[in-house]
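Participant: When you get a sec, could you give me coordinates for this:
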Amino acid sequence: MPKIAKELGALAVSRLSEPGTHAVGRVAGLALQVTPTGTRSWILRVTVGGRRREIGLGAYPAVSLKDAHAKAQAKKDEIAAGVDPVMARKETASRLRASHGLEITFKEAATRFIKAKAPEWKNAKHADQWTNTLVNYAYDAIGDLMVRHVTRTHITELLEPIWTTKTETASRVRGRIEAILDWARVKGFRDEGINPAAWRGNLDKLLSAPKKTKHVRNHPALPIDQMSAFMMTLRNLPGVSARCLEFTILTAARSGESRGARRPEIDFDKAVWIVPPERMKAKKEHRVPLSAAALDLVKALPEHPKTDLLFPSPKAHSMLSDMALLAVMRRQELTATPHGFRSTFRDWAGEHTNYPRELAEVALAHIKGDATEAAYWRGDVLEKRRRMMTDWAEFIARPHEPGE
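Facilitator: Next comes the predicted model:
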C-alpha cells in the first residue's frame with residue numbers, strides 16, 4: 001500500500017512545475033503528474049489484485065485538488081469493494097461500442113435484409129418491389145426508428161389506414177416487415193420475443209382476417225361490342241407495344257407472358273406458342289394454339305440481332321415494361337386494362353359460343369379445378385382450342401351489333 005505523502009495545499013500544488021510525479025498526500029497514491037511540456041494531470045497509483053494500476057483522474061487545474069481527493073477516495077472505495085476500476089472502464093467502453101454496433105434503423109435493417117435475400121429471389125424485380133412497398137407504406141412511420149424499438153403499436157398504426165382499403169397490399173407490407181424484424185432478431189439487433197408484425201397470436205387479435213376483408217377488384221374489361229372497333233384502331237397503330245397488345249388479345253394471354261415471348265418459343269410449323277413454366281403463373285408449361293391472325297402477326301415481326309424477344313423495348317432491346325401496353329390503351333382514352341381482355345374473351349366464350357367452360361379455362365391457363373376440368377388439362381385439347389382461338393380472332397375482326 002503506497003505511503004501517504006506529506007499533504008500539500010492548493011497553493012503548493014499550483015507551484016508544482018518540475019516534470020515528474022509529485023505525491024500530494026491525504027489519499028495514498030494520489031499524485032500530480034507533470035510532463036516535459038508542462039501539462040499537468042492527476043493520477044492514482046494503486047495495486048488491484050496484485051496488479052499495479054495507474055488511474056487517470058483528469059487534468060489540472062480543471063480538476064481541483066479538492067476534487068482530486070474526492071475522486072481518488074471514491075476509486076479506493078471501489079477497489080475495497082472488489083471492483084477493478086480500470087477493467088470496469090474497459091468493460092463499459094466495450095459495451096458502449098457493442099451497443100453502437102447494434103443501433104441500426106429499420107430502414108438500414110430492411111436494406112441489408114433485401115441485399116442478403118435478393119440472390120435467392122427468382123425475379124430480379126422482387127428487390128425493387130420490396131423497397132417500393134416499404135418506401136410507400138412503412139418508412140415514414142418506422143424507417144428512422146432503431147429496429148429494436150419497433151413495437152406492435154407502430155405496426156398497427158401504419159397498417160390500419162390501409163387494412164380495409166388496400167388489404168392485399170397491407171397484408172404484403174405486414175409480411176415483409178415481419179421478415180425484416182425476424183432477420184434483425186437473428187442478427188442480434190432485436191431482443192428475443194414475439195415479432196410485433198407476426199400475424200398468428202398477435203395482429204390477428206387486432207386486425208380483421210385479410211381473406212374476409214379484401215374486396216376482389218376485377219380488371220376493367222372492354223365490352224364485347226366494342227372489340228371490333230378497337231381492334232381496327234389497334235392494327236393501325238405503329239409500334240412494338242401495339243403489336244404486343246394485339247398478340248396478347250389474340251392469344252388471351254397475360255401481358256407478362258406476351259411481353260416475355262421469345263422467337264424460339266414459337267413452333268411455326270405447328271402454329272403453337274410454348275410458354276415455359278418459369279413465366280407462367282401456375283409454373284406449368286402452357287401451349288397456346290395460334291390462329292392464322294396471331295401467326296401472321298408473329299411472322300411479320302422483324303428479327304433483332306441483339307435479342308430473341310418478339311416484342312423488345314425499342315431502346316434497351318429488353319422486355320417491355322408492364323406499363324407499355326396500358327399506355328397504348330390510355331392514349332385511346334380507354335379505362336380498360338390489358339388484363340381485362342382475358343375477361344372479354346371469357347365473356348365471349350361463355351355468352352357467344354357453345355365451347356365448354358373448361359375449354360376457355362384451359363385457354364386462359366387458369367389453375368385446374370374439378371375432375372372434368374382436370375381432364376382437359378391432361379389432354380390439353382389443343383386442336384379444339386385452336387378452333388376456339390380462330391373463332392375468337394374472326395369475331396373481334398368483324399363488326400357486329402350489341403347482343404350478336
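Participant: wouldn't K6 be in contact with A12 here?
Facilitator: No. Contact criterion CB atoms under 8 Å: K6 and A12 do not qualify, at 9.5 Å. Glycine gets a C-beta too; all of them are placed from N, C-alpha and C.
Participant: who has more neighbours, the two?
Facilitator: Applying other CB atoms under 10 Å to K6 and A12 shows that A12 carries more neighbours, namely 14 against 9.
Participant: Setting aside sequence neighbours, what's the nearest residue to K384?
Facilitator: Of all residues not flanking K384 in the chain, L359 sits nearest, at 6.0 Å (CB to CB, 6 or more residues apart in numbering).
Participant: Go ahead and confirm the one you found touches R385.
Facilitator: Yes. In this structure, L359 is within contact of R385 by CB under 8 Å, at 6.3 Å.
Participant: so where's the stretch 101-250 of the chain uncertain?
Facilitator: The stretch 101-250 of the chain contains residues with pLDDT under 70 at 101-102, 122, 124, 213-219.
Participant: Break down the protein into its strands, ranges please.
Facilitator: Residue ranges of the strands in the chain, as given by DSSP state E, are 20-23, 30-34, 40-48, 51-59, 266-267, 272-275, 286-289.
Participant: and the gap between the spatially most central residue of the chain and I177?
Facilitator: Per CA atoms, centre = their mean, the C-alpha nearest to the average position across the chain is that of W130, at 2.1 Å. Going from W130 to I177 by CB to CB, to the nearest Å gives 11 Å.
Participant: Next: L301.
Facilitator: Distance of L301 to I177, given as CB to CB: 44 Å.
Participant: What of A127?
Facilitator: For A127 relative to I177 (CB to CB), the value is 16 Å.
Participant: quick one: contacts of stretch 187-198?
Facilitator: Stretch 187-198 is contacted from outside by 102, 104, 109, 147-148, 150-152, 154-155, 174-175, 177-178, 181-182, 184-185, 201-203, using CB atoms under 8 Å, 6 or more residues apart in numbering.
Participant: Which ones among the residues you listed lie within helices?
Facilitator: Members of those lying in helices (criterion: DSSP state H): 102, 109, 152, 154-155, 174-175, 177-178, 181-182, 184-185.
Participant: Let me see the ranges of the helices in the stretch 51-200 of the chain.
Facilitator: Listed in chain order, the helices of the stretch 51-200 of the chain (DSSP state H, counting those that start in this stretch) span 65-80, 85-102, 106-117, 125-137, 152-163, 167-187.
Participant: of those, which approaches P305 most closely?
Facilitator: Across those, P305 has its closest neighbour in helix 125-137 (26.0 Å, CB to CB).
Participant: got the angle for the closest one vs helix 106-117?
Facilitator: Angle of helix 125-137 versus helix 106-117, following axes from the mean of the first three to the mean of the last three CA atoms, to 10 degrees, is 170 degrees.
Participant: List the buried residues for helix 125-137?
Facilitator: Neighbour counts using 16 or more other CB atoms under 10 Å place 130, 133-134, 137 of helix 125-137 among the buried residues.
Participant: Redo those residues as CSV? Include distance to K66.
Facilitator: Below are the buried residues of helix 125-137 laid out as CSV (distance: CB to CB, whole Å):
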residue, distance to K66
W130, 61
T133, 62
L134, 57
Y137, 60
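Participant: just these now: which is nearest L325?
Facilitator: Checking the buried residues of helix 125-137 against L325 by CB to CB gives T133 as the nearest, at 23.1 Å.
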